[in-house]
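A.B. asks: This is a predicted model, with the sequence first.
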Amino acid sequence: MFSRLVRPTLVSARNFSTSKQNNFKVAVAGASGGIGQPLSLLLKINPLVTELSLYDIVHTVGVAADLSHIETVGKVKGFNGPDTLLDAFRNADVIIIPAGVPRKPGMTRDDLFNTNAGIVRDLAKAAAEVAPKALIGIITNPVNSTVPIACEILKQAGKFDPNRVFGVTSLDIVRANTFIAEAKGLNPKDVNIPVIGGHSGVTIIPLISRATPSVSFPEDQLKALTGRIQEAGTEVVKAKAGAGSATLSMAYAGARFANSLLRGLKGESNVIEPAYVVSDVTESEYFSTPLLLGKNGLEKNLGLGKLSDYEQELLKAAIPELKKNIKAGVDFATK
């Protein structure tokens with residue numbers, strides 16, 4: 001059983017000092033988009049980021065110019081178009097990838113696959129060439145499939161390290177913390193809900209039985225809360241009525257995850273954050289569990305821990321879907 005998750009904090013922008021060992025270059029691929037812009041803003045105010053490299057197809061130079069006026073030490077540079085991708089990624093310590101098309105009403109994550117799969121493939125090729133030691137956080141949906149694509153591309157390039165590639169599932173934890181806090185009248189900052197599995201539908205497994213502080217619900221309410229956590233992305237897509245998907249909450253979650261990677265790189269102890277990674281804790285080749293992060297990325301997989309009977313059933317339902325998603329990613333990358 002793993003230890004209580006430590007909530008990462010998004011750090012203050014001002015009155016900080018830097019040291020040579022804390023100088024990190026972070027690249028954002030898809031920086032002009034609905035997730036990329038607020039994510040880049042949050043990274044700009046993170047004192048661990050001393051170089052922020054923004055890449056997208058269009059408008060990136062303008063986004064970079066805008067962010068560069070913010071009174072923090074991080075230097076920002078924008079890169080427009082495929083011809084600049086290698087320069088954007090070169091020697092990055094961390095690469096965060098929110099690039100891709102968003103979901104619209106009626107679309108599933110599978111509907112996004114063909115477009116977004118190609119984007120992640122090309123970005124992984126660039127990372128392999130100019131930043132083979134970077135820690136890569138993939139936000140692009142469907143995460144269950146895009147992470148295997150990136151891993152296969154890195155394998156083909158001879159640059160794959162399973163401890164350095166992550167699917168960002170932090171938003172599922174953020175949502176679970178918020179929804180459970182609302183249901184119990186608690187401060188969300190005080191709530192920690194482990195969420196394991198994948199990053200879509202039935203593959204999202206909130207471990208409410210292991211909530212901190214401990215909570216309990218009648219069976220019907222437990223199922224309703226689980227379903228809401230699993231389908232929270234669709235809730236946002238419907239609410240935006242064609243104007244996009246979850247962007248601001250995803251940017252927050254992406255910044256939270258990037259901050260955890262940077263804290264691990266800096267050498268902080270007990271940096272724990274869940275992510276979707278190459279895994280042997282279940283029958284699924286990739287699986288999200290809490291991870292101990294450090295100077296080499298993933299230091300230790302903290303595993304499943306104890307599951308309730310209800311959560312065991314959720315796990316059984318998740319595994320076949322995860323295997324199907326993973327196969328789609330591997331097939332795409334290897335065909």
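C.D. replies: Cool, the structure landed. Numbers count the residues shown, from 1 in each chain.
A.B. asks: Tell me where the model's unsure across the stretch 101-250 of the chain.
C.D. replies: Low-confidence segments of the stretch 101-250 of the chain, defined by pLDDT under 70: 103-104, 107-110.
A.B. asks: what are the ranges of the strands in this protein?
C.D. replies: Applying DSSP state E to the chain gives strands spanning 24-29, 49-56, 75-80, 94-97, 135-138, 165-167, 195-197, 204-206, 271-278, 286-294, 297-301.
A.B. asks: can you list the ones you listed in JSON lines and add mean neighbour count and distance to residue 315?
C.D. replies: Bear in mind the C-beta positions are built from the backbone N, C-alpha and C, glycine included. Converted to JSON lines, these look like this (neighbours: other C-beta atoms under 10 Å; distance: least, C-beta to C-beta, whole Å):
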{"stretch": "strand 24-29", "mean neighbour count": "27", "distance to residue 315": "32"}
{"stretch": "strand 49-56", "mean neighbour count": "26", "distance to residue 315": "36"}
{"stretch": "strand 75-80", "mean neighbour count": "20", "distance to residue 315": "42"}
{"stretch": "strand 94-97", "mean neighbour count": "28", "distance to residue 315": "28"}
{"stretch": "strand 135-138", "mean neighbour count": "28", "distance to residue 315": "23"}
{"stretch": "strand 165-167", "mean neighbour count": "29", "distance to residue 315": "18"}
{"stretch": "strand 195-197", "mean neighbour count": "29", "distance to residue 315": "7"}
{"stretch": "strand 204-206", "mean neighbour count": "27", "distance to residue 315": "6"}
{"stretch": "strand 271-278", "mean neighbour count": "24", "distance to residue 315": "15"}
{"stretch": "strand 286-294", "mean neighbour count": "25", "distance to residue 315": "10"}
{"stretch": "strand 297-301", "mean neighbour count": "18", "distance to residue 315": "16"}
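A.B. asks: Reformat those strands as CSV; add distance to residue 262.
C.D. replies: Written out in CSV, the entries for these read as follows (distance: least, C-beta to C-beta, whole Å):
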stretch, distance to residue 262
strand 24-29, 6
strand 49-56, 7
strand 75-80, 16
strand 94-97, 6
strand 135-138, 9
strand 165-167, 13
strand 195-197, 22
strand 204-206, 26
strand 271-278, 9
strand 286-294, 9
strand 297-301, 11
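A.B. asks: Ok, which of those comes nearest residue 335?
C.D. replies: Across the strands of the chain, the minimum distance to residue 335, taken as C-beta to C-beta, is reached by strand 286-294, at 18.8 Å.
A.B. asks: on contacts alone, who are the packing partners of that closest one?
C.D. replies: Using 3 or more C-beta pairs under 8 Å, 6 or more residues apart in numbering; DSSP states H and E, the elements in contact with strand 286-294 are helix 143-156, strand 165-167, strand 195-197, helix 248-266, strand 271-278, strand 297-301, helix 309-334.
A.B. asks: burial measure for residue 185, as a count.
C.D. replies: Burial of residue 185, expressed as a neighbour count using other C-beta atoms under 10 Å, amounts to 6.
A.B. asks: cool, and residue 130?
C.D. replies: Look at residue 130: counted by other C-beta under 10 Å, it has 16 neighbours.
A.B. asks: Then residue 70?
C.D. replies: 12.
A.B. asks: Please report how far the nearest residue to it once chain neighbours are set aside lies from residue 258.
C.D. replies: Nearest residue to residue 70 in three dimensions, chain neighbours excluded: residue 44, at 5.4 Å (C-beta to C-beta, 6 or more residues apart in numbering). Look at residue 44 and residue 258: by C-beta to C-beta, to the nearest Å, they are 12 Å apart.
A.B. asks: Understood, closing this out.
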